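S.K.: Okay, sequence plus prediction incoming.
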Amino acid sequence: MATRTGKPAAPVTAVEMGARQREISVSEFFTKNRHLLGFDNPRKALLTCVKEAVDNALDACEEGGILPDLLVKLEVVPDGATVPVVSQATRFRITIGDNGPGIVKQQIPRIFAKLLYGSKFHRLRMSRGQQGIGISAAGMYGQLTTGKPVKITSRTNPRSAAHYFEVQIDTKKNEPRILENKQVDWDQPQGTQVALEVEGRYQKGRASVDEYLEQTIIANPHVQLFYVTPEGETKTYPRTYKELPPQPREIKPHPYGIEFGMFLKMLHDTKSHTLSGFLAGDFCRVSPALAAEMCRTARLQPHTRPRDLHGHPAEMLYKTIQTTKIMAPPTNCLAPIGEQAILSGLYKQIKGEFYTAVSRPPAVYRGNPFIIEAGLAYGKRPDETAAAQKPADRPLAEGEEHEKDDELARVIRYANRVPLLYQQSACATFKAVLDTTWKNYGVTQSRGALPAGPMVIFVHMASVWVPFTSESKEAIADYDEIRKDITLALRECGRRLGLFLRRRERAQGEFRRRNIFELYIEEVAEACNRLKGGKLRTEKLKAQLQKIANSKTGGMKTDEALGKTGGGPEGLPNSIIVTREGIEGEVAVAESASVPVEAASGSQAELFAKKEAAGKSDKPKLKSKPAGTPPRRRKK
Amino acid sequence: MAKTKHKQNGAVAKKLVGLADVVITAAERSKDPTLAIPIRALSNVSFNPRNGLIEMGKKKQARSFFNVAMAKKFMQTILVADALSELQRADLTTSLREIYYRTKHTIKDSHENTFDTQDESDPVIEDLEVSLAALREELHVRAENGGSVVGPLVLEDDGDRVDCAKLGKGGYSVPSIVESEYVGIRRCTADFVLLVEKGTQWNRLSEDKFWKRYNCVLLTGNGQPPRGVRRLARRLHEEYKLPVYVLVDNDPWGYYIYSVVKQGSINLAFESQRMAIPKAKFIGLSSADPERYGLPRNVGIKLNEKDIARAKELLNYQWFQKPAWQTEIKRMLASGLKYELDALANKDFQYLTKKYLPRKLKEKDWID
């Protein structure tokens, strides 16, 4: 055509095309696709960086058998000479320190500056991190947005020296580039500290760093955390539970959870020399006898070398395995948070009237064992309710109504103790919450919505392999087995809540009945008196009417139901009930919360306390019950 | 006359005090104080074909104090009785709304009001009217002045002589209480009474001096006529033997207004004796009129679901069982349209005065 200016591109030959094709490194891939790892926008990126570093720190401490003391510090990086206000700032320095076992010198560069390098991918053991992407991706993000390296200080024990590294990632090769490596004096006997400089945005509210840390503390009450906000305020979260979670054991894969391709690879890589040895040795729950039986069923020699098994026979064996009855995988590889710890975490972080927690027995999806735990905090602390009622004291005009609370419940989700903050609606836990018929438990819920009310719903999934919907670990995939178990746990919580609410409502209903009669008796007696020209003995009439009212409603029983006569706790397992008079239930653990930092010598806490001015400590104290009323402990 | 008035008051006042006695006696006997209140609903009225009136049945509802569902109502009833008794003692009259304000307060030590809206106090007053068998006037409660009258009629109100032929277009505003103690009819030379549903048409007729030409009394109640208007029409009908014609919109609500004038209402069935005019005639707008008077279809309005449901209810009322009425209502339903009186203006602004009514009267085209 005459109008066309450029020549059409010449066809490319296969040879030329071939010459253009080359390998893409993982780092290059994730540089372009950083949203896959949770770095879509500056606000989320800041959170992801904190999250990855905190996850690693906690994993390291727990694996090293150390009660974690954590420091999280966010600082605004000055823009030239001026320091921008926090809400306008776009650059932050993130510092995360722990008192964990430290990292040996040789490994530091690769852990922090090589993607897909880690200790957790090749084993089946419950941990926060899985792939070995997180912290190096955070470092890469920092490098990409600010050009600054990741700075690491680590010491493995008080007798050896502390090492300081500055590393960057060579995105082409996915290899670390060491910019600085020296021994330094460090006042901390043991642990690791990472500092990153990244582009980010700090905002409070939903899915913020603050929320993430708060939720982390709920599910990890054994952690002590110091958090320095960008405004320079220090928040202290004391340890409320002084036991480390049990060490989860590493397990071998369960035959049901293996796909065929994976199975072939295992056949090829195994160290066993015989097929039956491979089956019994590389999988869990397969005994030598069972292995031999499976070989027989698949018409294979148990002495065949695994490497020689290909094609059809391998498929036959795989199919046989899937149809053979095999015990469910062992569950000692899981470390649930535990009902007590959940209760104490919820109790400390959320102000409510009723708390309960449920740990489900272990279950299995695709050969992976998992445990679902659910918890619930309901209501407002009595003193807050009382305060809120005050302004309503003036009489109502026509058309006015008492203000109603129509807030919706909040769902807090965890996978292996890590809070999940994004993609709530894609998550199996959220769907399970919606699926639960909360109306049965005395909570209102509109169709397809969260239940209404001052309520926080806690759901935790612990598993050797949590099926996330994406690499940025934001939502749990919706497997039927998982959803079913979450639903069961929620129902149990709901049932307890329902019992609590019904009892309270019944007592209040009776109380209200008597109350209105009392109020109306006053009115009626006075009106009768006026009708009779003021010559009536009103007191006598009131007394007579009151007597009838009592006989109609059973006054004594109401008093009892309301706990006015000092009745016992309400027989709900693993629950805490907070009333104006005090706290009922298993709060012994929670009570220890009011004991501040324990004196672990040289702990992060102490160091931190030294560094910061002593007067600055504004530790949020746990709201403890009024003095003089000891907590009533439930009898077992 | 004043004497009888006082005597009556005495009786009503006694009845009100009697309510207090119910409470006191019950309390002394350790019984739940209970009032028996006649039910004001369709289930408790019947149509008496002999006198053509809707009459109230004998069904009563117990209202007890110590029943959670009724406690508040009971308390409210006693409070209203107290307020009414106060009116009796002070010999004052007042409105429904003022009773509501008088009895409204926040109950001591609570956030609860005795009454939240007037909708709660109005039925209580009606309950008392029924259960004490006292007229509203006797309780010293008046409704709003809601009607006008013009025509060859001379009234006496509070000693003033009111000549309804000399009050311009606006006419005389009918008070809510028109009993002979309050309003006397001095003279009436009219041949009939025309009761119009809407103020607009009444204004048209008044402006055109329709009443002069056809020698009638023009009345309107602006919608459902209030008691004063109904009672005045009834007195003219009774004392001066005037026929009463009712002119309403052609829709189920218009039909019902006519039936209330004629037989009384369900809610106030106990007042039928005094208010109803069993010989009142329905002059229009009939569902036959659009065709007969050549009203175009496009000035009609489509019957909505509520209209249709209401019309079907009317078809079942005993007092609409006459064949003429069944045909009338069914014809409206069949056409699927309703017509407002205002639609007559489509032909001419003065069509109502100059053509429609004259022809209706001449042809005696009405339904009984």
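M.R.: Received it, and whenever you're ready, just let me know what you need. Numbering: from 1, shown residues only, chains lettered A, B, ... in the order given.

S.K.: Could you use CA atoms for every contact and neighbour count after this?
M.R.: Fine.

S.K.: Show me which residues of the stretch 1-150 of chain B sit near chain A.
M.R.: B:16-17, B:20-21, B:23-24, B:27-28, B:30-32, B:66, B:68, B:71-72, B:75, B:78-79, B:81-82, B:85, B:106-113, B:116-117 (Cα under 8 Å from any Cα of the partner chain).

S.K.: Give me the buried subset of the residues you listed.
M.R.: Neighbour-count burial (16 or more other Cα atoms under 10 Å in any protein chain shown) applied to these gives B:16-17, B:20-21, B:23-24, B:27, B:30-32, B:66, B:71-72, B:75, B:78-79, B:81-82, B:85, B:106-107, B:113, B:116-117.

S.K.: could you dump the helix or strand residue A:539 falls within to CSV, C-alpha only?
M.R.: Assigned by DSSP states H and E, residue A:539 belongs to helix A:538-553. Extracted in CSV, the C-alpha atoms of helix A:538-553 (Å, rounded to 0.1, in the frame of the first residue of the first chain):
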residue,chain,number,x,y,z
THR,A,538,-49.3,4.6,96.1
GLU,A,539,-46.5,2.8,98.0
LYS,A,540,-48.9,0.1,99.0
LEU,A,541,-50.2,-0.3,95.5
LYS,A,542,-46.6,-0.4,94.1
ALA,A,543,-45.6,-3.1,96.6
GLN,A,544,-48.7,-5.2,95.8
LEU,A,545,-48.0,-4.9,92.0
GLN,A,546,-44.3,-5.7,92.5
LYS,A,547,-45.2,-8.8,94.4
ILE,A,548,-47.4,-10.0,91.5
ALA,A,549,-44.5,-9.1,89.1
ASN,A,550,-42.1,-11.2,91.1
SER,A,551,-44.4,-14.2,91.2
LYS,A,552,-44.9,-14.0,87.4
THR,A,553,-41.2,-13.8,86.4
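
S.K.: Buried ones in it, by neighbour count?
M.R.: Across helix A:538-553, burial judged by 16+ other Cα under 10 Å covers A:538, A:541-542, A:544-546, A:548-549, A:553.

S.K.: do the same with stretch A:137-147
M.R.: Under 16+ other Cα under 10 Å, the buried positions of stretch A:137-147 are A:137-143.

S.K.: Next, find the distance separating whatever residue of the stretch 101-250 of chain A ends up closest to chain B from residue A:214.
M.R.: Of all residues in the stretch 101-250 of chain A, residue A:205 sits closest to chain B, at 35.1 Å by Cα to the nearest Cα. Taking Cα to Cα, to the nearest Å as the measure, residue A:205 falls 11 Å from residue A:214.

S.K.: quick one: which of the two has more around it?
M.R.: residue A:214 (18 against 9; other Cα atoms under 10 Å in any protein chain shown).

S.K.: Just read off the phi/psi values of the more buried one.
M.R.: phi -60, psi -50 (degrees, to the nearest 10).

S.K.: which ones are touching the closest residue to it other than its chain neighbours?
M.R.: In space, and not counting its chain neighbours, residue A:214 is closest to residue A:349: 7.2 Å by Cα to Cα, 6 or more residues apart in numbering or on different chains. Residues near residue A:349 by Cα atoms under 8 Å, 6 or more residues apart in numbering or on different chains: A:214, A:217-218.

S.K.: Reformat the residues you listed as a markdown table; add pLDDT and distance to residue B:194.
M.R.: Below are these laid out as a markdown table (pLDDT from 0 to 100; distance: Cα to Cα, whole Å):
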| residue | pLDDT | distance to residue B:194 |
| --- | --- | --- |
| A:214 | 91 | 80 |
| A:217 | 91 | 83 |
| A:218 | 89 | 81 |
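
S.K.: Which part of the stretch 51-200 of chain A gets nearest to chain B, residue-wise?
M.R.: For the stretch 51-200 of chain A, Cα to the nearest Cα, closest residue to chain B: residue A:87, 43.5 Å.

S.K.: Pull the number of nearby residues for residue A:242.
M.R.: Residue A:242 has 16 nearby residues by other Cα under 10 Å.

S.K.: try residue A:537
M.R.: 11.

S.K.: Local confidence estimate at it?
M.R.: What the model reports as pLDDT for residue A:537 is 86.

S.K.: Now do the end-to-end distance for stretch A:270-279.
M.R.: Stretch A:270-279: ends 10 Å apart by Cα to Cα.

S.K.: For that stretch, the averaged confidence score.
M.R.: So the average pLDDT for stretch A:270-279 ends up being 86.

S.K.: Can you mark which positions in that stretch are buried?
M.R.: Per 16+ other Cα under 10 Å, stretch A:270-279 contains these buried residues: A:270, A:272, A:274-279.

S.K.: just those residues now: which is nearest chain B?
M.R.: residue A:279 (72.6 Å).

S.K.: Could you look up the SS state of the closest residue to the closest one other than its chain neighbours?
M.R.: Nearest non-adjacent residue to residue A:279, counting by Cα to Cα, 6+ apart: residue A:291, 5.7 Å away. Using DSSP: H, G, I helix; E, B strand; the rest coil, the structure places residue A:291 in helix.

S.K.: where are the low-confidence patches of the stretch 451-600 of chain A?
M.R.: The stretch 451-600 of chain A contains residues with pLDDT under 70 at A:509-515, A:553-574, A:578-600.

S.K.: That concludes my questions; thank you for your assistance.
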